[in-house]
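**Student:** sequence and predicted model, in that order:
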Amino acid sequence: MGFPDRNLYHCGHLEAILILLLPFVVFYQIASLLHLLTEHVWIVRGEGESVRDSHINNTLARFCGERCPESFAPKYAAQWAKWLAMHLLVHLPSRMLIVQGSLVCHDWHHRYGTVRQWYNYARLREMHAHTLSLEENYDYHDI
């Protein structure tokens with residue numbers, strides 16, 4: 001019984017690039033850039049508009065997904081297949097790899113940043129959006 005083969009643990013330059021540099025540098029920067037570009041509408045604050053109001057008016061909620069087809073009737077089978085494929089191959093990876101955590105409800109954070117119930121942020125945002133909708137004052141920007 002001897003020592004394990006040292007070549008087994010050797011990582012070449014190409015492997016180092018593929019394993020370390022691409023995910024931790026390139027892909028991370030792409031995700032960060034997407035966050036920056038999609039968290040706010042980059043508009044100059046309006047005259048007389050407070051900083052808080054500007055943040056509320058120019059912040060976006062980023063949701064992944066598409067509206068479901070109308071019915072489960074057989075004639076919608078192709079639409080359901082497309083819907084499923086898009087959710088599994090586009091929206092789920094986007095949600096897991098790019099739009100993480102509470103970034104979905106980033107707009108709610110700018111309205112109620114002092115609320116400490118971040119574990120329940122999605123429900124609180126929906127409750128607030130529903131209230132605004134009932135008052136016919138819905139002003140969230142969902143993308």
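**Tutor:** Okay, I see it.
**Student:** switch to C-alpha atoms for all contacts and neighbour counts from now on
**Tutor:** Will do.
**Student:** quick check: Glu49 vs Leu60, distance?
**Tutor:** 18 Å (CA to CA, to the nearest Å).
**Student:** again, but for Ala81
**Tutor:** Note on Ala81: its distance to Leu60, by CA to CA, is 29 Å.
**Student:** please identify which of those two sits among more neighbours.
**Tutor:** Neighbour totals were compared for Ala81 and Leu60, and Leu60 leads with 23 against 12 (other CA atoms under 10 Å).
**Student:** okay, domains of the chain per the record?
**Tutor:** What automatic domain parsing lists as the domains of the chain is 11-40, 49-62+102-143, 66-98.
**Student:** most centrally placed residue in this structure?
**Tutor:** Centroid-nearest residue in the chain: Val99, 2.5 Å away (criterion: CA atoms, centre = their mean).
**Student:** against Gly48, how distant is it?
**Tutor:** With CA to CA as the criterion, Val99 and Gly48 are 33 Å apart.
**Student:** quick one: terminal-to-terminal distance for stretch 96-116?
**Tutor:** 24 Å.
**Student:** nothing else from me, thank you.
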